[in-house]
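Here you go, sequence then predicted model.
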Amino acid sequence: QVANMEIFVCVLILALGLGSAAGEQFTISPNPVQKWCAVEISLLGVNKYNNSYLEVDLFATFTSPSSGRPMRVRGFWDGDNVWRIRFAANETGSWRFTTSASPADAGLDGVSGQFDVVPYTGTLAALRRGFLKKSPNSRYLTYDDGTPFFWLGDTHWSGLSSAEHLYESNDPQYETMFSGMLAARRAQGYTVWKAETFANNNEGGNAPENDGGPAWLNDQFFVQLNPRFWQNIDKRLQLVVESDLIISLALGIARSMPTSDTEPQHTRLALYMQARYVALPAVWITCQEYCATACASCWARIAAALFENDPYHRATSMHNCYENPIAYHDQEWYSFVTLQQGHNSLYPITHWQDQYRAQPPRPVLEDEANYEQLIHEYGGGQPWMTRQSAYQAVVGGAFGFTYGGQGIWWACWNNSYVSFNCGPAGSSEYRTWNQTLLFDVGAVGMATFARFWQRLPWWEMHPSDAVAWLVSPRDTQQPGIKANTNHSVIVAYLPQTDKTYSTGTVVGVNPGLRYTAFWVDPQSGKSTYIRNDITCNSSAIPLQPDSSHDWLLLLQAISSVPLPPPRSAVSGLTSFGTIRADSTSAVGGVFVVGGAPLLVTQIGRYFLPGNSGRHRLRIVDAEFLTTLAEAEVDMAAAPLGPLGFKYVAVPAVALSAYARVYVVSDEINGGDRWHDNVGTIATGSAAGRFESAVYSDETSWVPLGATDSVYGPVNLIFQTCSG
């Protein structure tokens, strides 16, 4: 049989090969297809079912051409006796697939075929680079090819419902309401479109309904599924993908499942949703607002099921409510944290820093904060608060921000459209969708926000202490700092305030660099020059131009300066503790920098006779738990250095004056021997010394012992300021 397997045209699902028989081979046409482009296989069931949605489980296993790794996806019922399977090949070559169904059905079971995949030739980023996943260091998201992804999302909770008109517009500059919003947001620099299906919501408001009708026929929730509701969502998500936006997709409202009574029904619906959209560049945020009113553990199990059933293991999370617990970090499925700061609310920067430093680390996203011009029924707020949340979040460790604007977070068609989410029709607070597209922060401020961060190596940057003010706010308006590891780029965000600032000091200058400094207006992006001669020996920063609004301080290295010869952090070893090899953990010391910044270039581990293993050596920021540098030292091959240490070079690490870091070596029980901290005295100097020993099991860090005591011992080689 010749089957006409249709392709997304790299974004557009059409149809594919109806009519097959068990054991029959598909001959695919057209062939080949392009990498990451969704293809759809359509099958006709033969059996008669009372409820096709509930009674049939359909799968297809696609076999990778290079590794032979099987990738299994679910199929889904799409009305009458039609089932469909969607898949996007993540590598080029010749792919094979086979279907299976339970119960056995001659039209669904045992169908197989083969097709060729060639490189993608289009312009859409997600199809050039692949679906999103957690970065190797668990601090941000990347495309499948490893390219860092900067998240600027737009909230469309009603985007899959009839509130957003798919086929008409009441604004002549846009062909349709739906496509008009997509075009405007893409032009403004947004990279993500966030929505939920509401298909689980049977509580009254926010009805799950669109041009295809209600999600469930005859109000039979979780029983009589309406495929036309989902077919309408297909068309909407096709347009989102064509707009080069990543889809952030939730099944529905978390509070609609307060207990585990309907967990099986919610799980089946979630997997149905996944089957329809598994071949699209999407992330799963599972539910909207899991909190005390919802069965959080139920939703966590559903999120785990989405991750486990996703052959791409794409980024998966659960959208928080304002409670924002630190939870699920130890779960493989929990790819990133989605926070909700809430509305008309200001938090200190520690709100984001606490999530950033939680262990094991996970990328942090501020996903709902201070919707612009929000109606007072939901808290209200001021536009500057929206902008402050975005910058505080990223400086505090987040990899992005999801914006929301009144009139689009729930789409408001015109001033007479009635919805409690839009406020009283015709009121002074009422905002329509096309008005929202022109909001100051949403249209201009967020475009500036995206441009500012995307021109910097934001994925290399982490919360920092590189700038200090003797006097500055210590509340919600506290400044925050972010820098990359060698401090060649430093950013500080100063929220608007009526509090007093003193002159600032760049305490984290890289001793080998000279900097230029600018004040940047975070709304307009306009820069104000400060100076271009900042070095170790001249690092003062004047007051911001005014405190009537917020400011960004940007420091960038422009040239190198001479450095004195490298030095050892340990100036002498006066005694040693008991020899051990009885622990699988990271052991070492808490190193505290003196009054001048340092540039670290090597880490060392003490050599004991018989040591022959390879050990990961690390420098970890003691405040934010960022791994600043790591490398393996080969205790058999590395040359023996001064004081009996063997060293490994690391990319340059700048440490601010008075900074605290953990310097550790990974050890295994029964492996190479090392000295206990009790009795091991490693003398330091004015440049820095070990404050105490430290050990870690990767979930917590435990400093202990006296000054100059250290496990191992371990050591650093650094340079400091000249003159």
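Sure thing, it's come through.

Could you list which residues are in contact with residue 282?
Going by C-beta atoms under 8 Å, 6 or more residues apart in numbering, residue 282 touches 131, 237, 246-249, 314. C-betas here are computed from N, CA, C, even on glycine.

close enough to count as contact, residue 700 and residue 359?
Yes - with contact defined as C-beta atoms under 8 Å, residue 700 counts as touching residue 359 (6.7 Å).

more crowded one of those two?
residue 359 (16 against 9; other C-beta atoms under 10 Å).

just the helices in this structure please.
52-55, 125-129, 177-187, 227-242, 263-277, 296-308, 350-357, 383-395, 433-436, 446-454 (DSSP state H).

Could you check how far residue 259 is from residue 100?
From residue 259 over to residue 100 the distance is 34 Å, taken as C-beta to C-beta, to the nearest Å.

which one of those two has more residues nearby?
residue 100 (16 against 9).

what sits against the closest residue to residue 276 other than its chain neighbours?
Once flanking residues are discounted, residue 276 sits nearest to residue 76: 5.5 Å by C-beta to C-beta, 6 or more residues apart in numbering. Contacts for residue 76 (C-beta under 8 Å, 6+ apart) come out as 58, 83-85, 272, 275-276.

Residue 639 reaches residue 633, doesn't it?
No - assessed by C-beta under 8 Å, residue 639 is found out of contact with residue 633, at 10.9 Å.

Residue 475 contacts residue 347, correct?
No - in this structure residue 475 lies outside contact range of residue 347 using C-beta under 8 Å: 10.0 Å.

Look at those two and report which has more neighbours.
Taking neighbours as other C-beta under 10 Å, residue 475 and residue 347 compare with residue 347 leading, 20 against 11.

In contact with that one, which residues?
341, 392, 476.

Let me see the contact set for the closest residue to the last one other than its chain neighbours.
Pointing back at residue 476 there. With sequence-adjacent residues excluded and distances taken as C-beta to C-beta, 6+ apart, residue 476 is closest to residue 346, at 3.8 Å. The neighbours of residue 346, taking C-beta under 8 Å, 6+ apart as the test, are 385, 388, 476-477.

next one: residue 708
Contact analysis of residue 708 by C-beta under 8 Å, 6+ apart lists 681-684, 689-690.

now do residue 612
Applying C-beta under 8 Å, 6+ apart, the residues near residue 612 are 635-636, 672.

State the distance from it to residue 637.
Distance from residue 612 to residue 637, by C-beta to C-beta: 9 Å.

again, but for residue 596
With C-beta to C-beta as the criterion, residue 596 and residue 637 are 34 Å apart.

More neighbours: the two, which one.
Comparing residue 596 with residue 637 by other C-beta under 10 Å, the one with more neighbours is residue 596, at 19 against 9.

Which per-residue confidence value corresponds to that one?
Looking at residue 596, its pLDDT reads 95.

now do residue 68
pLDDT recorded at residue 68 is 88.

Ok, residue 123 next?
Note on residue 123: pLDDT of 94.

Which one of residue 639 and residue 633 is surrounded by more residues?
residue 633 (24 against 6).

Would you check how far apart the more buried one and residue 362 are?
From residue 633 across to residue 362, the span is 29 Å (C-beta to C-beta).

likewise residue 425?
42 Å.

And the two? Which one has more around it.
Between residue 425 and residue 362, counted using other C-beta under 10 Å, the more crowded position is residue 362 (22 against 13).

The more buried one is in contact with residue 339, isn't it?
No - applying C-beta under 8 Å, one finds residue 362 not in contact with residue 339, separated by 11.2 Å.

So what's the residue count around residue 370?
Residue 370, neighbours per other C-beta under 10 Å, totals 27.

give me every residue that touches the nearest residue to residue 267 once chain neighbours are set aside.
In space, residue 267 comes closest to residue 302 once its chain neighbours are excluded; the distance is 5.4 Å by C-beta to C-beta, 6+ apart. Contacts for residue 302 (C-beta under 8 Å, 6+ apart) come out as 251, 263, 266-267, 270, 286-287.
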